[in-house]
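In: make a model of this:
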Amino acid sequence: MKKLIIFLIIFLYPLQSVSDELGVISLMYHRVGEGKYPSTNVSIEMFQQHLKAIEVSGLKFITPSKFKEHILEGKKFKQRYILLTVDDSFKSFYENAWPTLKEKKIPFIIFVNTREINSNHPNYMTWDQIRELRDSGLVTIGGHSWSHEYFVDMKIDEVKKDIEKSHQDYLKELKFIPDMYAHTFGETSVDLINLIKKFNYKIIFGQHSGVISQNENIYYLPRFSLNENYGKLKRFKNILRSRAFNLKSYEPKTILLNSSNNPTNLKLIFNENVKGINCFDNSGGSWRNTKINFKSSNEIELIFDLPFKKRRGRVNCTLPADGGLIKWFGYQYSVIN
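Out: The predicted model follows:
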């Protein structure tokens, strides 16, 4: 009887992994309390609501150093963590979020683009404030280029010079060069990734939704981008319920779409049964249910009938999981004309 039960479990659930990785929920902020920039801002009240929701959830913040160690050493995230990240070094984050984070001793990564700091732009932190964050013991500085231009449209040599200029600033002002980086605008290409890797960046982030696990591309890790629209409390609480899929691979690896390959279908292979998965994409310029072709219980092809519009082609897939959680996978194409 015991052998029969084991056989039935294997037969009925052949692809359910017993060593599923739960993953890291990476949150991305820009501005706090700058209402005239709603696409990159959360209100002070919303930011406080987010911190309270995390506290109520029981999820713990992972330090950037521990996160980096796990990623680079291939250690699975056996429990769910929150990784807090901040892009662009806006002064409003320093004034309206940093005091609370410092008081609560919440660690985070801040990705610093240097041109506006050098020019004493009134909307950006100063180098003294950046050094204060660094010296707090809570904050890790990440690279984010010099100009924060849209690199997908630039020549590789121009991008190379831009990153070199940022490194000169980091050495001058901080006495070191960061080893984690965030793609400007969260958009990139294979050529850009290969260039940025040459600057000894060990981990690189995008800004597409999804939960980080060892099965993700460490040079294009997902983050949940939060603003006045996508940071509303109902959605945020769903983000806090997310966990990683047991993803094996995806094809093609193409990130950049142009007139000759837009759209390109996406094939996903999992180490688990994904019957019941739902996917959505913004092909054609608006969000729609994605057509899913099931090759098997663990292999699917996402079919896009319309081309993605310029800049960002996004795909999100979710699946209900045990304990009221949601498995969440996201992918982003960069789209040029």
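In: quickly list what residue 280 is bridged to.
Out: Here residue 280 shows beta-bridge partners residue 289, residue 316, assigned using DSSP bridges.
In: what's near enough to touch it?
Out: Residue 280 sits next to 287, 288, 289, 290, 315, 316, 317 when contact means CB atoms under 8 Å, 6 or more residues apart in numbering. C-beta coordinates here come from the backbone N, C-alpha and C atoms, glycine included.
In: just residue 53 next, same as before
Out: For residue 53, the contacting residues are 233, 236, 237, 240, by CB under 8 Å, 6+ apart.
In: tell me the confidence at it?
Out: In this model, residue 53 is scored at 98, pLDDT.
In: checking it next. Helix, strand or coil?
Out: At residue 53 the chain is in helix, as set by DSSP: H, G, I helix; E, B strand; the rest coil.
In: how much space separates it from residue 32?
Out: Distance of residue 53 to residue 32, given as CB to CB, to the nearest Å: 16 Å.
In: what's the first helix or strand after the helix or strand bottoming out on mean pLDDT in the chain?
Out: Among the helices and strands of the chain, helix 2-12 carries the lowest confidence by mean pLDDT, DSSP states H and E, at a mean of 34. As assigned by DSSP states H and E, the chain's next helix or strand after helix 2-12 is strand 24-29.
In: just checking, what packs against that following strand?
Out: Identification of packing neighbours for strand 24-29 by 3 or more CB pairs under 8 Å, 6 or more residues apart in numbering; DSSP states H and E yields strand 81-87, strand 224-225, helix 233-240.
In: pull the distance from the first one to the chain's centre.
Out: What that stands for is strand 81-87. With CA atoms, centre = their mean, to the nearest Å as the basis, strand 81-87 stands 9 Å off its chain's centre.
In: residues in contact with residue 30?
Out: By CB under 8 Å, 6+ apart, the contact list for residue 30 reads 37, 40, 41, 86, 87, 88, 90, 93, 227.
In: got those residues as a markdown table, with neighbour count, distance to residue 255 and pLDDT columns?
Out: Formatted as a markdown table, these follow (neighbours: other CB atoms under 10 Å; distance: CB to CB, whole Å; pLDDT from 0 to 100):
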| residue | neighbour count | distance to residue 255 | pLDDT |
| --- | --- | --- | --- |
| 37 | 14 | 27 | 97 |
| 40 | 18 | 23 | 97 |
| 41 | 23 | 27 | 98 |
| 86 | 26 | 24 | 98 |
| 87 | 28 | 19 | 98 |
| 88 | 21 | 22 | 96 |
| 90 | 26 | 27 | 98 |
| 93 | 27 | 28 | 98 |
| 227 | 18 | 23 | 97 |
